[in-house]
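1. Make a model of this:
(chains A and B)
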Amino acid sequence: MIALSNGLRLFGLILPFLCPQIGWTENLHKEHEHTAQLLTNLLNAGRVVVEQNQTLINDPSRGDKEFTPEVFERLLREEFFQQTHIDLKHPPSSLPSLAKELLAALLLASKEVVGDAQFVINQRGIGYKNFIPATFGSQTARKFSNRSHVTIKQTTLNPRNLKNTPDPYEEAVLNRLARQTAVTAPTVEWVDGGRLLRTVMPIYYSDDCLTCHGSPKGILDISGYPREGAQAGDLAGAISIQIPVDHR
Amino acid sequence: MQSSNPIARMIGWSDDKMRVHWRHRIILGLALLLLQGCGLLYDAVTMVHPLTQDELSAICARGRLRVGISVEPFRPFIFPAMYTDEGIRVTGLDIELIREVADALTVHCGKQTPIIPTLHVTRFPDLFIKMNEGQLDLFVSSVSGTVPGTRPTGLWFSLPYFYRDGVAAIIQKPEVAERVWQQLQKQNGKLDTLAAVREGFAGLTVAVQKGRSSQLYAEANLKEVRLVICDSLPASIEAKDLNIDVILTNQSILEYVTKRVWQDWRLLTQLDGTPMSLTHEDLSIVTSDDHRRLQWLLNNLLFRLEESNRLKQMRWRWVDAHYAPTRRATSEGLPLEITQVPQHYDQGQCRLAERQ
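-> As a prediction, this is how the structure comes out:
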């Protein structure tokens, strides 16, 4: 009798912890989804900063461009703030700890990529150096993914760099996106029995992209790849993110 | 005080002075014995485990080939460093050759893991210094060992990997070509390019690159020109204030850059329109004079590449074929040893030469 009453007492103690489990899982999922969205924003912001400074980077008449990792970091924080209203220097307390940790890691990887490229960027007498949003994005994503269980990848249906070839999941999403009109929200899905978050954020061609990816189709662009014959607004590719539910 | 020792007494030394004297003699004797012992010990150690390795064994043990290349781009031999999806990469004919050397070394070392070439990028004149200081195993930078003044002591030049190159000239003003052609016409078919160039260039401003064969050629043969020495070819192109009439450098480089990079410059030609060569040079790999085993490996490799037509194929791929260097940098370029790279590449300046 005593054993039964002790058992009931114990069950009573555990119950409040068991019931909110469903809510807790939901919160965890939301936290991961929010984090994935912010990581996409940050990588995209880095690409935007590189694109905005493309003329400076490609200026053959200047040696030291003063486009240092520190300058880049400042511009990146500003661009990210514009997109999300989050100040990375003073992240709000409401920001999930997962997001804080991963955003800091991605910021560091982005800075390191700009640091590594300093020799190329500061070459005088050389115009086009192939330090463009795509190569910046590929390197940053790779650097970040190598240090984390979270994977970031730039992908597209007909990649110039075969390392960016979509996996079957990404291919299916990209094919679907290519048939739709432009969307601004990512595709978000929990796969593998809810153990892996996958998000795919589409990127669309802007006018600036068409110098290399536009018409005439098949004619080589400045980097030696055949132009895709794309038009502004066409699907260019996507930023794909995978976060395991237990990412550590 | 008188010494008890008769010899000391004879030479007038005290006992103390005599003791010090003998102590010194004993120490000297022991030191001589030890020195001999050290020699025996050293011999024994070197017989069991050689203290110095030959250069090929050192490369095999290291797993890396330390290759020097010039930071000043010599297209199509070395293109400017490019940023790719894989990071910074350098490409060009010289890089393809370096890959061949690394492959040959991998086979020589009998390793499953390949010998990795690490590129030490430095200013052209510093390549010779670094090679002599033992910081490099070899360097490849479109240099020839047959130009007087280009073979510093202690360095060895391989069999050629690129034939029939030489100094040539590019110009912008048509009247420069006309001046040279007038001189050629005066020769009535007895072709003497040097004489025509000497007369045709007299009084003109001629730019050459520091330390390259073009500088040695101009200093030796073109006494009547206003000579400008530049740190690099791009610097000669950009130096507008010096009113450069003629730029001299390797013909293969000039043919490439006038077609694809600086199309407002053109090659100076003979009367029949063929490019005017001022010298004949074959380009070689450079290594240390002491690296006998590496020298044989290089020459054997180059002999094989020539007999299998690989050298011709490489020449066609880089000089004649249409291609995008950026794409080749991505697919077949080599990474740079970033720590060896100058802070940022600056093509440098041009200045008037001080002539005797």
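
2. In space, what's closest to the residue of chain A found nearest chain B - neighbours in sequence excluded?
-> Nearest residue of chain A to chain B (Cβ to the nearest Cβ) works out as residue A:224 at 1.9 Å. Any C-beta I mention is one placed from the backbone N, CA and C, and that applies to glycine too. Spatial nearest neighbour of residue A:224, chain neighbours left out: residue B:324 (1.9 Å); criterion: Cβ to Cβ, 6 or more residues apart in numbering or on different chains.

3. Next one: the one you found relative to residue B:331, how far apart?
-> As judged by Cβ to Cβ, to the nearest Å, residue B:324 and residue B:331 stand 10 Å apart.

4. Residue B:325 now?
-> Applying Cβ to Cβ, the value for residue B:325 to residue B:331 is 11 Å.

5. Name the residue in those two with the higher neighbour count.
-> Legend: neighbour count by other Cβ atoms under 10 Å in any protein chain shown for residue B:325 and residue B:331, higher for residue B:325 (23 against 14).

6. residues touching the nearest residue to the more buried one once chain neighbours are set aside, list them.
-> Sequence neighbours aside, residue B:79 is the residue nearest to residue B:325 in space, at 4.5 Å (criterion: Cβ to Cβ, 6+ apart). Going by Cβ atoms under 8 Å, 6 or more residues apart in numbering or on different chains, residue B:79 touches B:73, B:90-92, B:325, B:329.

7. what do you get if the cut-off is 6 Å, keeping everything else the same?
-> The contact partners of residue B:79, taken as Cβ atoms under 6 Å, 6 or more residues apart in numbering or on different chains, are B:73, B:91-92, B:325.

8. swap in residue B:348?
-> B:231-232, B:235.

9. again, 7 Å this time
-> For residue B:348, the contact set (Cβ atoms under 7 Å, 6 or more residues apart in numbering or on different chains) comprises B:230-232, B:235.

10. ditto for residue B:109
-> B:60, B:115.

11. Would you mind naming what in chain B lies close to chain A?
-> Contact residues, chain B versus chain A (Cβ under 7 Å from any Cβ of the partner chain): B:80-85, B:87-88, B:234, B:238, B:323-324, B:326-327, B:338, B:341, B:344-347.

12. circling back: what are the neighbouring residues in contact with the residue nearest to residue A:224?
-> A:220, A:223-224.

13. Which one of the residues you listed is nearest to residue A:91?
-> Of all the contacts of residue B:324, residue A:91 sits closest to residue A:223, with 36.9 Å by Cβ to Cβ.

14. looking at this, residue A:105 is in a helix?
-> Yes: counting by DSSP: H, G, I helix; E, B strand; the rest coil, residue A:105 falls inside a helix.

15. Distance-wise, check it relative to residue A:164.
-> 21 Å.

16. roughly how far apart are the residue of chain A closest to chain B and residue A:234?
-> Residue A:224 sits 22 Å away from residue A:234 when distances are taken as Cβ to Cβ.

17. Could you pull up the residues touching the residue nearest to residue B:200 when sequence neighbours are not counted?
-> Leaving aside its sequence neighbours, residue B:200 sits nearest to residue B:180 (Cβ to Cβ, 6+ apart; 3.4 Å). By Cβ under 7 Å, 6+ apart, residue B:180 lies in contact with B:196-197, B:200, B:268.

18. Where does residue B:180 fall, secondary structure wise?
-> helix B:174-186 (DSSP states H and E).

19. what's downstream of that helix, the next helix or strand?
-> Following helix B:174-186 in sequence, per DSSP H and E, is helix B:193-201.

20. Tell me what angle the helix or strand just after that following helix forms with helix B:193-201.
-> Note on helix B:193-201: by DSSP H and E, the next helix or strand toward the C-terminus is strand B:205-209. Between the axes of strand B:205-209 and helix B:193-201, defined by axes from the mean of the first three to the mean of the last three Cα atoms, to 10 degrees, the angle is 130 degrees.

21. Quick one: mean pLDDT for the very next helix or strand once past strand B:205-209?
-> Under the assignment DSSP H and E, the closest C-terminal helix or strand after strand B:205-209 is helix B:213-221. For helix B:213-221, mean pLDDT is 96.

22. what angle do helix B:213-221 and strand B:205-209 make?
-> Helix B:213-221 and strand B:205-209 are oriented at 130 degrees to each other (the same axes, to 10 degrees).

23. what separates the closest residue to residue B:160 other than its chain neighbours from chain A, distance-wise?
-> Counting by Cβ to Cβ, 6+ apart, residue B:160 lies nearest to residue B:282, which is 3.4 Å off, once chain neighbours are set aside. Using Cβ to the nearest Cβ, to the nearest Å, residue B:282 is found at 28 Å from chain A.
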